[in-house]
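Participant: With the sequence up front, the predicted model follows.
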Amino acid sequence: MTLAIDFGTSNTVVGRWNAVTQKPETLSLPGLSMRMGQNPPLIPSLVYVEDAALHQVVVGQTVCDRGLDLAADPRFFRNFKRGIGSSIQGFLPELDGQTVDFNQVGHQFFTPGDCWNSGVATPRRLPGVHRSGG
């Protein structure tokens, strides 16, 4: 199945072409998507690093559902789209002895894993985390 993904700074939308109806449709992925009224399902473009040393993150609506979306928490990433591919990364937190950058966070948001394949949000691995200080 071919998917179309609109990766937004605040929200992400996943859609596909329905061959039977010959129309596009927006997908709702349980644990990742939220739905407000008659609007299409949206996936909050959010990542929370549970444990950088163990490479575990939480993504999408599950971040909000678990109350992990606290702006002052350095483990919480929003608006990370703006830092992807940028040579100027700004503040990069050191979490659990690891430095985490926006490219890694963005990669993890889209890395196929349990929650994208099955629709169930589960912690996932954060690849390529660099050790700080050498």
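Facilitator: Noted; the coordinates are in hand.

Participant: Could you pull up phi and psi at residue 43?
Facilitator: Here is the backbone geometry of residue 43 (degrees, to the nearest 10): phi -110, psi 110.

Participant: which residues pair with it across the strands?
Facilitator: Beta-bridge partners for residue 43, by DSSP bridges, are residue 12.

Participant: so where do the helices sit in this protein?
Facilitator: With DSSP state H as the criterion, the chain has helices at 61-65, 102-110, 114-118.

Participant: Among the ones you listed, which comes closest to residue 82?
Facilitator: helix 102-110 (7.7 Å; Cβ to Cβ). Every C-beta, even on glycine, is put in place using the N, C-alpha and C of the backbone.

Participant: List the buried residues for that closest one?
Facilitator: Across helix 102-110, burial judged by 16 or more other Cβ atoms under 10 Å covers 102, 104-106, 108-109.

Participant: Tell me which other helices or strands that helix touches.
Facilitator: Other elements packing on helix 102-110 under the criterion 3 or more Cβ pairs under 8 Å, 6 or more residues apart in numbering; DSSP states H and E are strand 46-51, strand 56-59.
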